[in-house]
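# Build me a model from this:
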Amino acid sequence: MSTTERTSDRLSAGLTLSASLSKPRVVRNGRRRSLFLALLLIPVLGVGALAYNLASDTKNGPTNLILDTVGRKSFTVEVSERGNLESKNNVEHACEVEGRVGGGMGGGGGGGGGTTILSIIDEGTLVKKGDVMVELDASNLEDGKQTQTIALETAESALAKAKADYETAVKAVEEYEKGTAIQDEKTHSADLTVAQENLKRAQESAKYTDTLYRRGFVNKEELEAAQFAVTNAELTLDKAQTALNNFRNVTKSKMLTQLHGDVASKERALRAEETKVEQETSRLQKIDAQLTKTKIYAKADGMVVYYRQANRWGSQEDQIQEGAVVRERQKIIILPDLTNMLVRVLVHESKVDWVRPGQRAQIRVEAFAGKVLTGAVERVSTTAEQSNWFEQDKRNYPVFVKIDDSIEGLKPGMTAQTVILVDKLTDVLAVPIQCVQTVGRRNYCYVYKADGTWEQRPVQLGKGNDT
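Residues are numbered from 1 along each chain as shown. Take a look at the predicted model:
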């Protein structure tokens, strides 16, 4: 015999469960805690042995009761939650102005990294692609552009001078290699040639003088003078040869090294100035690009909806309005696809495991009284969301229900009551939830016995109808 069948035998054999009409009360520290809710059906999956007597006066028992006879029932298990409409496909528009750009200038009038909204289109306005929706403060960017323009002009002047210096250094090398060096080498070569010729003539003259001296036509002083002329010519030749060798092997090489070094130095200076100009140009271009982002244009046709996000206190933070300061990448406006709507509801962690994608749902939008829309669960978030600061212990999971056929007039933010069909239970043992008492973590029912006394029995609960 199954647990359910044993439960049925014990509770339905001529016995009746009680439900109080009094208000809910909770007694902690081991005392009884009773839950008195609206009439809801829950299946009873198992019952244990007698655990607790209602009171010492079990004969009379409590008064002011509604009695319900245990029986098998069939019903649907549903999860009902209020939520808000959202578009499945949103075109988002965010602030793209950086907090600080261009020479340390702030991006806008917000100070310290924010940008002030100067004007914004009214929420609910229908816009066309390309329409201006938001204008952000560009004053600091304009100041930054002026400063950066001056910096770029200064860098360009320095670049022009560096370029001229480099070109001069290159020409100096060319001038020396093709002009001065050749001329200097020719001069030294000519000096060597003259010295060689002078030595030759001095030698011939000394030889002739020596012949004359031997014949007695010249005296010794004249001979010595001729011989000294040879010595002097030899010294001059040696000097000319040394000068030519030094020029070819030392002077020319040294000069070329200096000139090429100067070219390299001027080239490095030129590259540095080119880099600086590129940097200053990039900064100016960045400011220009940021200036274009101080106006936010509609990326598509649609209805303007201000982006709102709840903070930890449960209220809306960073209200979107004229004069508000927005941060970089902060969402400002969304253009929802009104033909593709869904409902976002928060389901408590105790029931979120019941919900699965594909489950059917009924949606009642408060703005359309009497209109029932159909849909299906599209997605169940895996991350819990805290409703607000005052409900830190509650863990709710966002569930998204896709509306089958959208109707004209649906707008994001509208409130909707959503009923998700979780399961259909047939022929299960069930009682009204008023008949269930919770003590600690255990659940009990009070059974009115044939002898007129009350008996408290533990029960195991299954899914309940939450509608």
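# Outline the domain layout of this structure.
3-84+337-461, 90-138+294-333, 142-292 (automatic domain parsing).
# Need those in JSON lines (columns: mean neighbour count and mean pLDDT).
No exception for glycine: its C-beta is placed from N, CA and C like everyone else's. Written out in JSON lines, the entries for the domains of the chain read as follows (neighbours: other C-beta atoms under 10 Å; pLDDT from 0 to 100):
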{"stretch": "domain 3-84+337-461", "mean neighbour count": "16", "mean pLDDT": "73"}
{"stretch": "domain 90-138+294-333", "mean neighbour count": "17", "mean pLDDT": "82"}
{"stretch": "domain 142-292", "mean neighbour count": "15", "mean pLDDT": "94"}
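# For the residue sitting nearest the centre point of the chain, which non-adjacent residue is spatially closest?
Residue closest to the average C-alpha location in the chain (C-alpha atoms, centre = their mean): residue 329, at 7.6 Å. In space, residue 329 comes closest to residue 94 once its chain neighbours are excluded; the distance is 5.5 Å by C-beta to C-beta, 6 or more residues apart in numbering.
# Identify the residues contacting the one you found.
Remark: with contacts taken as C-beta atoms under 8 Å, 6 or more residues apart in numbering, residue 94 is in contact with 329, 330, 331, 332.
# Is it correct that the last one falls within a helix?
In other words, residue 332. No - with DSSP: H, G, I helix; E, B strand; the rest coil as the criterion, residue 332 is assigned strand and is not in a helix.
# That one contacts residue 326, doesn't it?
Yes - applying C-beta atoms under 8 Å as the test, residue 332 and residue 326 come out as touching, 6.1 Å apart.
# for the residue nearest to the centre of the chain, phi and psi?
In this entry, residue 329 is assigned phi and psi values of phi 70, psi 0 (degrees, to the nearest 10).
# Same question for residue 374.
When read as degrees, to the nearest 10, the backbone of residue 374 gives phi -110, psi 160.
# now the one 3 residues further on
Backbone geometry at residue 377, expressed as degrees, to the nearest 10, gives phi -70, psi 120.
# about what we covered before: quick check: neighbours shared by residue 332 and residue 326?
Any residue near both residue 332 and residue 326 by C-beta under 8 Å, 6+ apart counts here, and that gives 95, 117, 320.
# Enumerate every residue touching the residue lying closest to the last one once chain neighbours are set aside.
Translated: residue 320. By the measure of C-beta to C-beta, 6+ apart, the closest residue to residue 320 outside its immediate chain neighbours is residue 306, 4.1 Å from it. Neighbouring residues of residue 306 by C-beta under 8 Å, 6+ apart: 123, 320, 332, 333.
# Ok, residue 272 next?
residue 162.
# what's the spacing between it and residue 142?
Separation of residue 272 from residue 142 (C-beta to C-beta, to the nearest Å): 30 Å.
# and what of residue 298?
The value you get for residue 298 to residue 142, if C-beta to C-beta is used, is 25 Å.
# can you check residue 257 too?
For residue 257, the distance to residue 142 (C-beta to C-beta) stands at 52 Å.
# returning to that earlier point: any idea which of the contacts of residue 306 is closest to residue 218?
Proximity to residue 218 was ranked across the contacts of residue 306 by C-beta to C-beta; first place goes to residue 332, at 116.8 Å.
# so residue 347 is in which element?
Using DSSP states H and E, the element containing residue 347 is strand 341-348.
# Over to residue 152?
In this structure, residue 152 sits in helix 139-175 according to DSSP H and E.
# Now do that helix: which elements does it pack against?
In this structure, helix 139-175 makes packing contacts with helix 252-292, judged by 3 or more C-beta pairs under 8 Å, 6 or more residues apart in numbering; DSSP states H and E.
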